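K.L.:
Let's see this in three dimensions:
(3 chains)
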Amino acid sequence: MTCAEFEQVLPDASEGNREFEYEQHLRSCSACRSLVADLNAISQQARDLPDCGDPSPRVWNSIEIALTREGIIRPSSRGELASVHRFPTRWRSAWLLPAAAALLVTAGVVRYERGTGPSVMPNAPDATAQVASMRPEQSPDDRQLIESVALRMPAMKASYEANLQDVNSYIRDAEQSVKNNPNDEAAQQYLSNAYEQREMVYEMAEERSLP
Amino acid sequence: MLSRQRAAQLVILVVLVGVVLATAEDRKEYRFKVRKGASISVVNQYGPISVKAGARKQVLVTAILRSDKVEIDQGQSGSRITLLSHLLPGADATSGQVEYQIVVPTDASVTLRSTTGPLHVEKLHGDVILESNTANVDLRDLANGHVHVKTLNGLVTLTNIVDGHVEITSLGGDVMLNAVSGPLVEVNSSSGKINYDGDFGGEGEYSLTSHTGDIEATAPGDASIDVTARSEQGKVISDFSLQPKHTSFPMRAGSAFAGTMGKAASSVRLFSFSGKIHLKKRQTN
Amino acid sequence: MTDARKLKTDKLSEADAIERAKLGDPLAFEALYNLHKRRVYSLCLRMTANTAAAEDLTQEAFLQLFRKIGTFRGESAFSTWLHRMAVNVVLMQLRKKNLPVVPIDESLETEEDAPKKELGGLDLNLAGSIDRLQLQRVIEALPPGYRTIFVLHDVEGYEHNEIADMVGCSIGNSKSQLHKARMKLRELLKTSRAEKAVKP
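P.N.:
The predicted model follows:
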C-alpha cells in the first residue's frame, strides 16, 4: 500500500474499519504514523474544548420579552414592574370586547342616572368611541412606571409622560381600527407596531433592552 | 477706564474657568486585541459615542471624562469588549458626560446605548444595534449587517446603508433614510416623520409605517417596485403612474393606492394612520 | 440578576423547572436558560464563528424550545432535545445564507479551502502539544462546510449517521469531509506554529 492509498482509506479507517494492509502500512511508515497521531490528537483535544463563555444578557432579555408577548410566560405574583405591563398577542383582541362591553354598560347606567333619559345602546362604532374616550390616559402600570422614572431619573419624567401619552393614543387608534376591520392586515400591523412602541418605552424606562 | 478694568477682569476670569474645566477633564485610552468578528458594547448615559472602522484586530478607545463624578468600567472576554460609563453619586447630565471615540475592525459588531448621545457609526460590515432616548443617531456607509435602532425622540439619519437588514423603531424622532437598500428595511414610527430618498433596490421588502408622522418617499422614475400605500385619516399622493394590480386591499382615492412599476422587484408598504403619505418621483437634471 | 432571584433559579432542579415552565413560570424558564445557555451558545459560536450571529441563534434555539415545552414528555434528555434544536437552527441559518453546510461535490471546493496534499517528510509533530486556545482559533478559520462537520462530530460528539440525517448528506460524505476538516486543521496548526517559531 502506498501513502496515497493509505490516505484514501483513512476516513473509513479512523472510524474503525481497518484492513490488514492499512495496519501493515501504519507500522512501516513513520510519516503516515505521524499523520494519524496528529489527526487523533486534534480529534481528542476537540472533545475537551471548554465552553465559549456566556452570551450577553440581552439574549435572555429578548427571549423573555418574546415569550411574555406570546403568553408563554405568565407572570403570577411578580412584584416587578417588568412583568405586569405586557400585552400577550394571543388574547389582546379577546379581552377587548368584554372590557368594552363592561365599560359600555357602566356608561349607559351613568347616563341614565344623570337624567339624560333612558339609556339607549348606541351603535358599535359610537360605543367603541365612547369606551375609548372614557379609558384613562394612564393605566396603573403607566403610573407606576412614571413614579419609578421620577425616582431614578427625575429630569426624564415629563418626557416619559409625553411618550406614554403618544403611544397610548397610537394603541387606542389601532385598537379602534382593528375593531372596525378585524380582518384588515394594515389595522393589525398598526396594533402590533403600537404595542412594540409601548414595549420600547417600558424597556428604556427600565433600562432593560441592552446590557 | 473702569469698564476696561472690568473687561480685563472678565477675560482673566474666563481664562481661569477654562483652565479649571480643562484640568477637571480626564482623558483615558484603551487598546484591546481582538480577533475576527469582535463585538463592542458601550453604555454611556450622557455624552457622544463615535465609532469608525480602521483598526485591524484591535479596538482603540479614547474616552474623555467630563469630571470625576463618572468612571469607566471596561472589560474584555475573548473578542467581546464592554464599556460602561458608571455614574458616581452626585453626577448629573453635565458632570456625568463621557465622550467616546472608538476605532474598530471593519467586521466588528457594535452595540451602543445612550440617553443624550449623539451616536455616530460609520464604515462597518458587522451588526449595529443602537438605543437612544433623545440622542441623535447618525449611521453611514454600513453594509451587510443587521442595523437595529430604537429611539424615543432622537433624530435618526441613515446614509448609504446597503445589503443588510434595517429595523428602526422611533416614537417621536424623525427618521431620514438616504440611499438605504437591502433585503429588509422596516421603520416603525409613532409621531416621527419618515423620509426615504433612495431607489428601493436590492429586491427587498420595505415597510414604512407611522401613527401620525408623515411619510415621504422619493424614488427614481425607473424604480422597480410593488407598492401599497394607505392612510386612514391622512392624504395619500403618488407622483407615479402605477400599473394596477389585483389586491383585496381597499382602494380609496386620496387615501390609498396600490400598483407596480417596472418589474416590481421590491415590495414597498407605506402605511400611516393619520399622517400624509407622498410617493415622489426624483427629478433628474 | 439579583442574588435573591439567582438563588431561586439555582434551587430548581431541571425536572422541576420543566414542569413549572409548562405552567408559564418565568423563573423556571430562566432557570432552564441558565442551565443550558453556555453549551448552546458555544455550539452556535463554533459553528458560525461570529458572536452576534451566535447570540441570535442562541436566542432562536431557546425560543423554539420554550414554545414547544408543553410537548416535552421526558422520553429523551432535555439537554439532548435542546441541543438538537440548536443544531437545526444553526443549519437552517447556514442554508438561508447560502453558506455550504457540507460541500457535496468535491469539485466545488476552492483550492484555497481544500487541505494541501502532504505525503511524508513532516518535521512538526503536533501530537501532545496542541494548545486548546489555538485549536479554537483555527476551528474558526475553517471554511463553513468543514467547520460544521468537525464541530458536530469531534466537538459535539454526534455520529456520522446522525450528522448525515441533520445536514442531508451521505454517511460517506460526512466521513470524508470530517477527514478533510482534520487535515485542514492540521495544516493551519502547523502553519501557526511555524509562524510563531519565526517571530522573535
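
K.L.:
Look up the pLDDT of A:Glu23 for me, please.
P.N.:
pLDDT for A:Glu23: 86.

K.L.:
Can you give me the separation between it and A:Arg152?
P.N.:
Distance from A:Glu23 to A:Arg152, counting by C-beta to C-beta, to the nearest Å: 73 Å. Backbone N, C-alpha and C define where each C-beta goes, glycine included.

K.L.:
Poorly predicted segments of chain C, please.
P.N.:
For chain C, applying pLDDT under 70 flags the ranges C:1-12, C:75, C:97-129, C:195-200.

K.L.:
That one: helices as residue ranges?
P.N.:
Along chain C, counting by DSSP state H, helices occupy C:3-11, C:14-22, C:26-48, C:51-67, C:78-96, C:132-141, C:144-150, C:160-167, C:171-198.

K.L.:
now do chain B
P.N.:
Under DSSP H, chain B gives helices at B:2-24.

K.L.:
quick check: domain ranges of it?
P.N.:
With domains defined by automatic domain parsing, chain B comprises B:27-111, B:136-285.

K.L.:
Go ahead and confirm A:Lys157 touches A:Leu145.
P.N.:
No - counting by C-beta atoms under 8 Å, A:Lys157 stays clear of A:Leu145, with 10.2 Å between them.

K.L.:
of the two, who's got more company?
P.N.:
More neighbours surround A:Leu145 than the other of A:Lys157 and A:Leu145, with 22 against 16 (other C-beta atoms under 10 Å in any protein chain shown).

K.L.:
for the helix or strand harbouring the more buried one, what is the average pLDDT?
P.N.:
Element membership for A:Leu145 (DSSP states H and E) is helix A:140-152. For helix A:140-152, mean pLDDT is 84.

K.L.:
mind listing what's buried in stretch B:78-91?
P.N.:
The neighbour-count check on stretch B:78-91 (16 or more other C-beta atoms under 10 Å in any protein chain shown) flags B:79-85, B:87, B:91 as buried.

K.L.:
How about stretch B:182-192?
P.N.:
B:182, B:185-192.

K.L.:
Just put those residues in a markdown table and tack on distance to chain A and pLDDT.
P.N.:
Below are the buried residues of stretch B:182-192 laid out as a markdown table (distance: C-beta to the nearest C-beta, whole Å; pLDDT from 0 to 100):
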| residue | distance to chain A | pLDDT |
| --- | --- | --- |
| B:Gly182 | 20 | 91 |
| B:Val185 | 15 | 94 |
| B:Glu186 | 10 | 93 |
| B:Val187 | 10 | 96 |
| B:Asn188 | 5 | 94 |
| B:Ser189 | 9 | 94 |
| B:Ser190 | 5 | 94 |
| B:Ser191 | 6 | 93 |
| B:Gly192 | 10 | 93 |
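
K.L.:
quick one: which two of these are the most distant?
P.N.:
Largest separation among these by C-beta to C-beta: B:Gly182 and B:Ser191, giving 25.9 Å.

K.L.:
Just the ones of the buried residues of stretch B:78-91 in strands?
P.N.:
B:80-85, B:87 (DSSP state E).
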